[in-house]
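Let me see the structure of the following:
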Amino acid sequence: MEQLSYYKNWYGMTDNAIVATLCSSVKQMRLNKNISQEELSERSGVNRVTISRMETGKAINLITLIQLLRALEKLDLLSSLMEGPQISPMMVMEQQQKLRKKATPYPKVKSIQNL
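Numbering: from 1, shown residues only. Got it, this is the predicted structure:
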């Protein structure tokens, strides 16, 4: 018996297989919320035929995916796509070299007696 795995080897999949997997996942989100295609169409503004085609693995554009995720209240899934800038090890080393290594002594103040 094959075990279901929700962790995919995305690099080992073809582009079409990735599209089919994502479309199937959106369909499962809809079913988990017990929403019909018609109701999702009304909530998202996406034509029901487009939703049906997407659920059978046909590619959709990014705007349509965002509209469907918004209607399914799943926009938080997009957070995993966000990535901040990375600092290279060379840049870290250069920044460390610029840091002060010693304190600069204050200039000596001449006392009144020495004047």
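
what about the strands in the chain?
Counting by DSSP state E, the chain has no strands at all.

Any stretches of it with poor pLDDT?
Applying pLDDT under 70 to the chain flags the ranges 1-6, 106-115.

So which residues of it form helices?
15-32, 37-44, 48-55, 62-71, 89-98 (DSSP state H).

Once you drop chain neighbours, what's closest to Met29?
Leaving aside its sequence neighbours, Met29 sits nearest to Leu72 (Cβ to Cβ, 6 or more residues apart in numbering; 4.9 Å). All C-beta atoms are positioned from the backbone trio N, CA, C, and that covers glycine.

Next one: the one you found from Glu38, what distance?
Distance of Leu72 to Glu38, computed by Cβ to Cβ, to the nearest Å: 14 Å.

now swap in Val92 and tell me
Val92 sits at a distance of 55 Å from Glu38 (criterion: Cβ to Cβ).

now do Gly57
Gly57 is 20 Å from Glu38, by Cβ to Cβ.

So between the two, which is more surrounded?
Under the criterion of other Cβ atoms under 10 Å, the comparison of Gly57 against Glu38 puts Gly57 first, with 15 against 10.

For the residue nearest to that one when sequence neighbours are not counted, grab the count of nearby residues.
In space, and not counting its chain neighbours, Gly57 is closest to Ala20: 3.9 Å by Cβ to Cβ, 6+ apart. By other Cβ under 10 Å, 16 other residues sit near Ala20.

looking at it, Ala20 is touching Glu55, isn't it?
No - counting by Cβ atoms under 8 Å, Glu55 is not a contact partner of Ala20; they are 10.1 Å apart.

shared neighbours of those two, which are they?
Overlap of the contact sets of Ala20 and Glu55 (by Cβ atoms under 8 Å, 6 or more residues apart in numbering) is empty.

Before I go, just wanted to say thanks for your time.
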